[in-house]
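Asks: Need the 3D shape of this:
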Amino acid sequence: MAKWYDGLTRRARRQRTSDTLDAATAHSDVERRWDVFLRRSPFAMLAVSAVLTFASAGQLLPSAAERWAAVGLFGAAMLLELWWLRASRGRRSRPSAVGGGYYGIRWGIAFAVSWLNPFAAFYAALGYFGAERLLPRRLVPLGLFASAITIAGSQSGGFPPGGLGGWGVFGAILAVHVALFWVFSQLNTYEEKRTRIHLATISELEETNTRLKEAMDENAALHAQLLVQAREAGVADERRRLAAEIHDTIAQGLTGIITQLQVVASTAEPALAERHLSRAADLARHSLGEARRSVQNLGPAALEHHGLDEALKRTVTEWGERTGVRAQFTVTGTAEPLHDEIEATLLRIAQEALSNAARHAAAVRVGVTLSYMAGEVALDVRDDGTGFDPSAVPARTGAGGFGLPGMRARAERVAGAVSVESEPGHGTAVSARVPLLRHDQ
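Replies: Residues are numbered from 1 along each chain as shown. The predicted structure is shown next:
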C-alpha cells in the first residue's frame, strides 16, 4: 500500500511539474512571437500604405512636390524600420528612451504622410501595437491618443478636416477611438494581471513541487528508519518472549526436578524415592514439551485441550502435590472462553506466582481465585508465607519474564496490570487484572 501511494504521489508530482513547464513554455512562446511581430509588421504596414498612397496619387497627390515629399517620407520610414530591426535584434522589447524615440519618430512620419494621403494611415495604425513595450507607462496613453488622432483624421477624410462638419466627424471618430482605446486598455490591464497571477501560480507550484520532493525524500528516509526500528523491535520482542517462556517453563521445571531429586537423595525409602523420581521424570517431559511449544510460539500445553479455569485447577493441584503445600482453586462469576492471549497471560502469571511461593514464601496454604467480572477478569494468588517488602524488590527493565517485573510486563502486553500486597510475616497477595476479551473477539 505504501509503495502504491508513493508511486501515485510521484506520478502526480511529475504531472504537476509537466503542466507547470508547459505553461511556462507556452507563455515564453507567446512573448517571442509577439516580439517578432513588432519587429517585422512595420515593413508590411509600410508597404501597404505606400502602394495605396501612390496608387491614388493622381487624385490625392496632384503636385510633384507632394509626390516627392511622400517618397521622402516613405524612404525615411524604411530607414527608420531597418535601423530599429537591427537595434532590437536579440533582445526583448521593453520601455526605454531609445524605444520611446523610435515610437515618436514613427508617429511623426505616419502623421506627415497621412496628411498628404489618408491611405497612408495604415502605417500609423502601428501606434496601437506595442506602445506599452516602447513607451514608459505614464506616456502610453499619450502615444495611443496621438495615434488615434492620425487614424481618425484619415477616416474623416484627411487633414485638415473641411469646415465645421468635417471637424465634427473628426471629433466623433476620435471619440470612438478613445473609447475603444480605453476598453482595450482595461482588457490589457486585466490580461496583464491575469498573466502576473498565472506566473505567480507557476512559481508557487514550482516551490510546492520542491517542498513536496523534499518531504517525499524525508518520508522515504523516515520509512527506511521505521523499517529498521521495526525489525529491531521485533527481534527484541522475540528475545523477551523466549526469555519469559524459558523462565516460566524450563527454569521452573528444572527447579522442580532438582527439588524432587534432592528428596530422593535424602530418603532411604525405595517407594518414596521411586515416587519422586517419577515426578522428576514427568516434570522433565513437561518442561521439554513446553520448551518446544515456546520455540514454535504456541500457547501453554495446559490450554491446548482445556479452558483457563480447568487449566488453572490442574496447575494448582499438581503444584500442591509436588510441593506438599495445601492449595485451593476457586472460580467466581460465569466462566467463558477467553482470547488465547488472555488465557496464556493469566496462566503464566499464576505459574510464576506459585513458583515464587514455593521458593520464597515457606507457605502452608495457598489460595488461587479466578474471577469473571463485567469487562474484566481477575486472578488472585494468596499465601500465608513469610511475606516481604515489595518496595525492596529491584525493578528489572526489559526482562520480560523474571519474577514480579515479568508478571507485570505480561499483563501490560494485554492492557492489564499486576499489583502485589505483602509485608514481612503476613503473607503475600498477587492480583492480576486483564480485560475480558472473549475467544471470538
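Asks: Quick check: buried residues in stretch 183-201?
Replies: Within stretch 183-201, not a single residue qualifies as buried, counting by 16 or more other CB atoms under 10 Å. Where you see a C-beta, it was placed from the backbone N, CA and C, and this is true even at glycine.
Asks: Extract the CA atoms of that stretch and return them as PDB.
Replies: Written as PDB, here are the backbone C-alpha positions of stretch 183-201 (Å, rounded to 0.1, in the frame of the first residue of the first chain):
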ATOM      1  CA  VAL A 183     -11.800  49.500 -23.400                       C
ATOM      2  CA  PHE A 184      -8.800  47.700 -24.800                       C
ATOM      3  CA  SER A 185      -6.500  49.300 -22.200                       C
ATOM      4  CA  GLN A 186      -8.800  47.800 -19.500                       C
ATOM      5  CA  LEU A 187      -8.700  44.500 -21.200                       C
ATOM      6  CA  ASN A 188      -4.900  44.700 -21.400                       C
ATOM      7  CA  THR A 189      -4.700  45.600 -17.800                       C
ATOM      8  CA  TYR A 190      -6.800  42.600 -16.900                       C
ATOM      9  CA  GLU A 191      -4.700  40.400 -19.100                       C
ATOM     10  CA  GLU A 192      -1.500  41.600 -17.500                       C
ATOM     11  CA  LYS A 193      -3.000  41.000 -14.100                       C
ATOM     12  CA  ARG A 194      -4.100  37.500 -15.100                       C
ATOM     13  CA  THR A 195      -0.600  36.800 -16.500                       C
ATOM     14  CA  ARG A 196       1.100  38.000 -13.300                       C
ATOM     15  CA  ILE A 197      -1.300  35.800 -11.300                       C
ATOM     16  CA  HIS A 198      -0.500  32.900 -13.600                       C
ATOM     17  CA  LEU A 199       3.200  33.400 -13.400                       C
ATOM     18  CA  ALA A 200       2.900  33.700  -9.600                       C
ATOM     19  CA  THR A 201       0.900  30.500  -9.600                       C
END
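Asks: Give the rounded mean pLDDT of it.
Replies: Averaging pLDDT along stretch 183-201 gives 76.
Asks: How is this structure partitioned into domains?
Replies: Following automatic domain parsing, one finds the domains of the chain at 2-159, 307-441.
Asks: what separates the shortest one from the chain centre, distance-wise?
Replies: The one in question is domain 307-441. Domain 307-441 sits 47 Å away from the centroid of its parent chain (CA atoms, centre = their mean, to the nearest Å).
Asks: cool, and the first one?
Replies: Once both centres are worked out by CA atoms, centre = their mean, domain 2-159 turns out to sit 50 Å from its chain's centre.
Asks: Use 139 as the first number for this chain going forward.
Replies: Yep, numbering from 139; the last one is domain 140-297 now.
Asks: ok so, going back, want to try a markdown table for the domains of the chain, with mean pLDDT, mean neighbour count and distance to residue 410 as columns?
Replies: Output for the domains of the chain, formatted as a markdown table (pLDDT from 0 to 100; neighbours: other CB atoms under 10 Å; distance: least, CB to CB, whole Å):
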| stretch | mean pLDDT | mean neighbour count | distance to residue 410 |
| --- | --- | --- | --- |
| domain 140-297 | 77 | 16 | 65 |
| domain 445-579 | 87 | 17 | 12 |
